Structures are given as C-alpha cells and as structure tokens.
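# Next input, structure requested:
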Amino acid sequence: MQLQELIDGFLDHCTIFTAVIALITVVFGLLGVLINVVSFFGLSVENISLLRIHSLNTYPLVHDGFLPFVLGLASILVLMPKFERRYGTLCTIALFFGFLEVIPAGFYLLICYLFNSSTVYAGCGGWLFSFLTMYLLNLFDNLHPKLMTLSQNVRIGIAFAAPLLMLPLDFSTSFFLHIAAVATSVVFSLSFLDFLIPKVHWLVTIETKLSRFIDNVPNYVSVSEAVHYQRAGGLPVHMQDVNVPSGDVV
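Predicted coordinates:
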C-alpha cells in the first residue's frame with residue numbers, strides 16, 4: 001500500500017512536460033545500448049556543420065554512460081516540475097527548447113570552434129545547473145531558510161562555483177556549457193530576459209484552440225495555473241480565479 005501511495009504521489013507531482021521528457025530520455029537511453037545515438041543527437045561543431053540543427057535541442061535528451069543517464073533523469077524528475085508549475089507547460093516547452101538551451105549550446109560551440117575541439121556534448125548537465133541556479137535565486141519560492149540568509153551575490157557565487165565541482169569528474173569543454181547555463185539562468189532569474197518569455201495572450205490563444213486536446217492531458221499546467229502569469233497580470237478575467245502565493249527573486 002505504501003508503494004502504491006508513493007507511485008500515486010509521484011504521478012501527481014510529475015507534470016506532463018516533465019513526464020514526456022523523462023520518457024524520451026529513457027527511450028534514448030535504451031536505444032543507446034544498441035546504437036550510437038550520441039553522435040547524431042549530441043551537440044558538436046561537426047553536427048552543426050552537417051546541418052544537424054536538431055542537435056541544438058536534442059543534446060540534453062541523450063547521455064554518454066549509465067551514471068550520467070541516471071543523474072540526468074533524476075534531475076529532470078526532481079527539478080523540472082517546479083519550473084513547469086511556475087511558467088506553465090507551453091511556456092516551459094518554449095523556454096527549454098528556446099534560449100535557456102540554445103544560448104549555452106551556442107557558447108559551447110563557439111569555444112569548441114575556437115579551440116578546434118570535436119568533443120560531442122551529451123546530457124542535461126546544462127539543465128541541471130540552470131535549475132540549481134534558479135533555486136538558489138529563489139525563483140521557485142521554496143529556497144531553504146538557511147540559504148535565504150545568504151546575500152544574493154553570495155548565492156550567485158555559489159551557482160557559478162557549482163560547475164567547478166564537476167571538473168574533477170569531467171575535465172572537458174563541457175565546463176563552458178555549464179558556466180553559460182548558469183550565467184543565462186542568473187540573468188533570467190533577475191528578470192532581464194522577461195521579454196523573451198511568451199506573451200500571455202499568445203499562450204491563451206493556443207490553449208483555447210487546443211482546448212479539446214489539452215483538457216484530456218493529465219497534469220498539464222495551464223496559463224491560468226502558472227505562477228508567473230498570475231503575478232505578471234494580463235490574464236483574461238475568467239482566468240483570474242486561481243490563487244497563488246506571492247514572492248519574487250530575492
């Protein structure tokens with residue numbers, strides 16, 4: 001009975017985009033046992049030169065090795081639901097297949113090009129450091145009280161120091177992608193990239209047109225349920241009946 005309760009609690013916690021990403025990650029992990037998925041879906045200068053532009057978005061979904069796969073899957077299941085509940089499912093898709101993923105990837109490719117490196121980056125390490133940075137800056141309003149006592153500059157310093165701890169385990173150009181992910185997330189958490197967040201009326205229009213489908217999707221986080229849009233305002237009147245806690249990055 002306890003196991004069933006644990007499973008039910010997990011299913012209630014796991015939002016739809018998180019579940020889909022986790023499932024795709026598992027599928028790629030199983031395929032990786034049979035074929036080399038990293039070379040085609042991983043991020044590298046060679047893949048971009050071969051016009052495999054999809055690798056800008058697919059590199060977090062493939063992992064090179066069992067341990068990175070397990071750690072990557074765990075980070076997705078634990079941390080991504082917090083982001084999805086804050087910004088909604090559609091917005092999360094747009095952001096994580098948009099600038100939160102592409103900016104670090106672009107910086108990594110630039111470093112590889114400058115140093116003539118053919119290293120293929122695979123894994124969601126960039127996502128992991130992004131989520132940790134957002135947590136440290138209290139974007140999800142659940143920062144541990146002891147961390148809250150630290151100044152914002154100290155917490156930003158901790159975020160930038162985190163990739164350094166990975167160097168003994170992975171001393172490679174991947175460090176630059178992780179640093180870029182932290183930097184992008186800091187700027188995003190401080191609201192300097194809010195102009196890149198999809199506008200509420202765009203998302204409402206899409207959800208309205210797809211309402212018959214979306215209404216049947218379990219654990220879908222709509223615009224009206226997204227904390228960010230509740231605080232930002234601009235929701236249609238009939239959507240403003242969802243109460244959310246107040247709070248901002250501090």
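# so what's D215 up against?
Counting by C-beta atoms under 8 Å, 6 or more residues apart in numbering, D215 touches no other residue. In this view, the C-beta of every residue, glycine as well, is placed from N, C-alpha and C.
# which is the next helix or strand following the helix or strand bottoming out on mean pLDDT in the chain?
In the chain, no helix or strand scores lower on mean pLDDT, DSSP states H and E than helix 2-13, which sits at a mean of 63. Where DSSP states H and E defines the elements, the next helix or strand beyond helix 2-13 is helix 16-34.
# how about that next one: buried residues?
Of the residues in helix 16-34, 16-19, 21-22, 25, 28-29, 32 count as buried by neighbour count, 16 or more other C-beta atoms under 10 Å.
# distance of L100 from N57?
Distance from L100 to N57, counting by C-beta to C-beta, to the nearest Å: 11 Å.
# between the two, what contacts are shared?
Overlap of the contact sets of L100 and N57 (by C-beta under 8 Å, 6+ apart) is empty.
# Show me how the protein divides into domains.
2-196, 200-239 (automatic domain parsing).
# hey, least reliable of those domains by pLDDT?
Confidence, taken as mean pLDDT, is least for domain 200-239 of these (a mean of 80).
# re the thing from before, which among the buried residues of helix 16-34 gets closest to F41?
Of all these, F28 has the smallest distance to F41: 7.1 Å, by C-beta to C-beta.
# any idea how far that closest one is from I35?
Computed as C-beta to C-beta, the F28 to I35 distance reads 10 Å.
# before we move on, what about N138?
42 Å.
# okay, these two: which has more neighbours?
Under the criterion of other C-beta atoms under 10 Å, the comparison of N138 against I35 puts N138 first, with 19 against 9.
# Am I right that that one sits in a strand?
No: counting by DSSP: H, G, I helix; E, B strand; the rest coil, N138 falls outside a strand, being coil.
# is it true that N216 lies in a strand?
No: secondary structure of N216 (three-state DSSP): coil, not part of a strand.
# Neighbours of it, how many?
N216 has 8 neighbours, counted by other C-beta under 10 Å.
# Distance of it relative to G88?
From N216 over to G88 (counting by C-beta to C-beta), the distance is 17 Å.
# do the same with L136
22 Å.
# Would you mind listing the residues in contact with L23?
By C-beta under 8 Å, 6+ apart, the contact list for L23 is empty.
# I meant V62, not that one.
By C-beta under 8 Å, 6+ apart, V62 lies in contact with 28, 32, 37-38, 41-42, 122-123.
# Kindly recompute the last result at 10 Å.
Contacts here follow C-beta atoms under 10 Å, 6 or more residues apart in numbering; on that basis V62 touches 24-25, 28-29, 31-32, 36-43, 55, 68-69, 72, 120-124.
# Surely F129 and P104 touch.
Yes: assessed by C-beta atoms under 10 Å, F129 is found in contact with P104 at 8.8 Å.
# what residues are shared contacts of those two?
By C-beta under 10 Å, 6+ apart, F129 and P104 have these common neighbours: 177-185.
# ok, and the most crowded of those?
Per-residue neighbour counts (other C-beta under 10 Å) across the shared contacts of F129 and P104 peak at A181, which has 29 neighbours.
# right, and that residue touches V102 too?
No: the pair A181 / V102 is not scored as a contact, 11.0 Å apart, by C-beta under 10 Å.
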